[in-house]
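**Q** Here is a sequence with its predicted model. Questions after.
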2 protein chains.
Amino acid sequence: MAAPTDISSTFAKGLVVLKCFDGDSTHLTVPEIARRTGLDRAVTRRLVLTLVHLGYVAQEDRAFSLTPRILVLAGGFLQGRRFGKLIQPILAAYSAQAGLPFSLAMQDESQAVYVAHAGDQDEPRLGFTVGSRVPMDTTAIGRALLETDSAGELLETDGTFEPGIIGIACAVVRDGEIVAAIGTSAPRKLMQDPLRRAHVVPSLQNCAQALSELF
Amino acid sequence: MAAPTDISSTFAKGLVVLKCFDGDSTHLTVPEIARRTGLDRAVTRRLVLTLVHLGYVAQEDRAFSLTPRILVLAGGFLQGRRFGKLIQPILAAYSAQAGLPFSLAMQDESQAVYVAHAGDQDEPRLGFTVGSRVPMDTTAIGRALLETDSAGELLETDGTFEPGIIGIACAVVRDGEIVAAIGTSAPRKLMQDPLRRAHVVPSLQNCAQALSELF
DNA sequence: AACCATATGCGCGATAATCGCGCAAGCTCT
DNA sequence: AGAGCTTGCGCGATTATCGCGCATATGGTT
């Protein structure tokens, strides 16, 4: 085990354990976690029990699952960046103007992570939450995070991620750097209407402009 | 340092470090974190560097701050419980029916943690995000999480948390246990209107009923 | 019902990772 | 420019971690 003195391997292992509770695997047993992480069963047990001790994980019989406390960590990020007080209202205002749900995403390595949503999706088709990840190359919001050249320009993808859905996105640029992206999506029929497009596109651009001052 | 063999103290310390990035303290230096956590500076440094190594924390000069990756952990909880696909649409539907923003909270020790919001607050007055915490005794949504006797009954608080704001909340009960609470709030003037109340209250109750089947 | 195979909980000694002292370098204020 | 404080980080002692291995629980098969 490579052990640079600057890295705490125990802590790193613990975070790997925490991370393996994903959307598909909510209730895990110690051996299951051990298999997923490649850690020794006894080590896994101790790390999971530590999480239980601190209240991040709950135990029912042999199954372990995350508690809402994990959201407090996310809250540290969201509140620190004033998502609730500043960003959310802006996103909501432009979303209402456009009549479509707006989402805000940031880059995390090779994926786009949703950090805020506004304008409720009436249909549960995609079901994204805060913390949901989507690929960068097949989604409008992901591509917007990458297009360093055409900063601020609108990007559109058509059914590349979800069949029949068109996504439009726009980078949020601060000091020449892309710091985030906002996007919206709708069924192709809806989005192809030129009138609607003419209404939605400026809203996205203005919203991105307004948000850029908050990053 | 009490060291039961079942608890990994290093991991526990690391999580304490992670937790000390809260809404008020976004950019922290190693000595600041050491002071807050009571840990040795060198230990703190190693734990923070581990977080940087794993991408949960970013370093700019001497300041460390959370990255969006921390939201991925929250996503594990939210997606696992189908917040995006099932809960959010229901919350949004009843919120739209009531014409007021609805929030969903769960208990975390002695506080209520917001886990979902629907219906955008047009005014940024409170600015709650996913992961925001509020006290249980002075908020309607917090009290609803506690009232084990009158399960499902509506609770109302008047200005006890935020002056001029009335909150109404209702427990989400599953198998006789309170698993969550939904609430809404509005300025007193608005909420005191009997007609509106007659409209909002059933929406909340029906929403709680609908959600109870998903927990 | 009894058996076997597999999965799981957990104690304990060896060992490698952590701890935290202490020095050197950087910063700030007078 | 100097003094006092703050911060970064190397290194040896020590302690918490590791993971083997046994005992128990589980569940499937004859």
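**A** Sure thing, it's come through.
**Q** Enumerate the residues of chain A near DNA strand C.
**A** Chain A comes close to DNA strand C at residues A:1, A:3, A:5, A:7-11, A:29-32, A:41-42, A:45, A:62, as judged by CB under 7 Å from any atom of the strand. Any C-beta I mention is one placed from the backbone N, CA and C, and that applies to glycine too.
**Q** Drop anything exposed from those residues.
**A** By neighbour count, with 16 or more other CB atoms under 10 Å in any protein chain shown, the residues of chain A next to DNA strand C hold A:Ile7, A:Ser8, A:Thr10, A:Phe11, A:Val30, A:Glu32, A:Arg45 as buried.
**Q** Skipping its backbone neighbours, what lies nearest A:Ser132 in space?
**A** Distances taken as CB to CB, 6 or more residues apart in numbering or on different chains put A:Tyr114 closest to A:Ser132, at 4.7 Å, once the chain neighbours are dropped.
**Q** Partner strands of the strand or helix carrying the one you found and their direction?
**A** Taking DSSP states H and E as the criterion, A:Tyr114 maps to strand A:111-118. Note on strand A:111-118: by DSSP bridges, its sheet partners are strand A:102-108 (antiparallel), strand A:133-135 (antiparallel).
**Q** Any idea how far apart the tips of stretch A:95-114 sit?
**A** One end of stretch A:95-114 sits 16 Å from the other (CA to CA, to the nearest Å).
**Q** tell me which residues in that stretch are buried?
**A** Those would be A:95, A:97-98, A:100-108, A:111-114, for stretch A:95-114 by 16+ other CB under 10 Å.
**Q** what's the farthest-apart pair in the buried ones among the residues of chain A next to DNA strand C?
**A** Greatest spacing in these, by CB to CB: A:Ile7 and A:Glu32 (26.1 Å).
**Q** In contact with A:His27, which residues?
**A** A:Glu60, A:Ala63, A:Phe64, A:Ser65 (CB atoms under 8 Å, 6 or more residues apart in numbering or on different chains).
**Q** how close does the second one sit to chain B?
**A** I take that to be A:Ala63. According to CB to the nearest CB, to the nearest Å, A:Ala63 and chain B sit 12 Å apart.
**Q** ok so, going back, give me the subset of the contacts of A:His27 that lies in strands.
**A** A:Glu60, A:Ala63, A:Phe64, A:Ser65 (DSSP state E).
**Q** Among those residues, which one has the most neighbours?
**A** Top of the ones in strands among the contacts of A:His27 by neighbour number is A:Phe64, holding 22 neighbours under the definition other CB atoms under 10 Å in any protein chain shown.
**Q** doesn't A:Leu49 make contact with that residue?
**A** No - using CB atoms under 8 Å, A:Phe64 is not in contact with A:Leu49, being 9.2 Å away.
**Q** Alpha carbons only: can I get stretch A:184-194 in CSV?
**A** Written as CSV, here are the backbone C-alpha positions of stretch A:184-194 (Å, rounded to 0.1, in the frame of the first residue of the first chain):
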residue,chain,number,x,y,z
THR,A,184,-32.9,23.2,-19.3
SER,A,185,-34.5,20.4,-21.2
ALA,A,186,-37.9,19.5,-22.7
PRO,A,187,-39.4,17.1,-25.1
ARG,A,188,-38.3,17.7,-28.7
LYS,A,189,-41.8,18.8,-29.8
LEU,A,190,-41.9,21.5,-27.2
MET,A,191,-38.3,22.7,-27.7
GLN,A,192,-38.5,22.9,-31.5
ASP,A,193,-41.2,25.6,-31.4
PRO,A,194,-39.3,28.7,-32.6
